[in-house]
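1. Quick one, what's the 3D model for this:
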Amino acid sequence: SSSNARREKRMVKAKRALKTFVVGVGTNLTLTMGIILLFGSGKRYNARPKPPWLPLLWFVHLASLSSSFFMGLASWLVWAEGGFGPRSDALPLYLAGTSLGVVWDPLVLVMGADWVGLAFCLVHLGTLVACKRVFGKVNPLAGEAVRPCVVWVGFLTIFTFSLAIS
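-> Alright, predicted model coming up:
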């Protein structure tokens with residue numbers, strides 16, 4: 001009957017949506033987890049003098065993973081609305097934000113390049129603000145999903161500045 005056909009069609013769409021969601025969010029999480037596992041030991045970070053208010057390394061990594069989740073969710077919401085089209089700035093901003101997000105850990109925690117890390121944080125923060133604006137035009141919820149990422153990178157910028165001057 002036609003109701004069974006509609007139900008099956010909805011199930012196929014739901015399964016496809018779930019698969020794309022897992023890929024969208026999973027890609028970001030996998031990339032961030034890979035960077036943490038490769039570069040996140042923080043031997044240099046743990047050994048250096050730093051202000052007492054700076055967070056523990058496990059919290060930095062957990063917050064980075066959370067930020068990656070929200071960025072993946074936002075990108076999936078934009079993709080679902082067709083917002084990564086050729087005339088949109090959404091895809092280049094998303095790729096730039098994701099790329100900038102993975103360089104902080106090796107730069108600051110492994111190499112100790114705090115000032116370079118600070119420059120990357122500032123560019124990353126600007127990219128995420130632009131991403132929030134562009135994503136929000138495509139899907140308001142996607143723009144809001146980027147908000148925790150902006151907050152985290154804002155904190156990370158202050159955090160990196162504190163490391164650089166200590």
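2. roughly how far apart are the closest residue to Cys131 other than its chain neighbours and Tyr45?
-> Once flanking residues are discounted, Cys131 sits nearest to Leu93: 4.3 Å by Cβ to Cβ, 6 or more residues apart in numbering. Where C-beta positions appear, they are placed from N, C-alpha and C, glycine not excepted. Applying Cβ to Cβ, to the nearest Å, the value for Leu93 to Tyr45 is 29 Å.
3. Comparing those two, which residue is more hemmed in?
-> The residue with more neighbours, out of Leu93 and Tyr45, is Leu93; 22 against 19, by other Cβ atoms under 10 Å.
4. isn't that one right up against Gly136?
-> No: Leu93 is beyond contact range of Gly136, at 11.7 Å (criterion: Cβ atoms under 8 Å).
5. Kindly format the C-alpha coordinates of the one helix or strand in the chain whose mean pLDDT sits lowest as CSV.
-> The helix or strand of the chain with the lowest confidence, counting by mean pLDDT, DSSP states H and E, is helix 43-47 at a mean of 77. The C-alpha coordinates for helix 43-47 follow below in CSV (Å, rounded to 0.1, in the frame of the first residue of the first chain):
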residue,chain,number,x,y,z
LYS,A,43,55.4,16.5,28.3
ARG,A,44,56.6,20.0,27.5
TYR,A,45,53.3,21.5,28.7
ASN,A,46,53.4,19.6,32.0
ALA,A,47,57.1,20.4,32.7
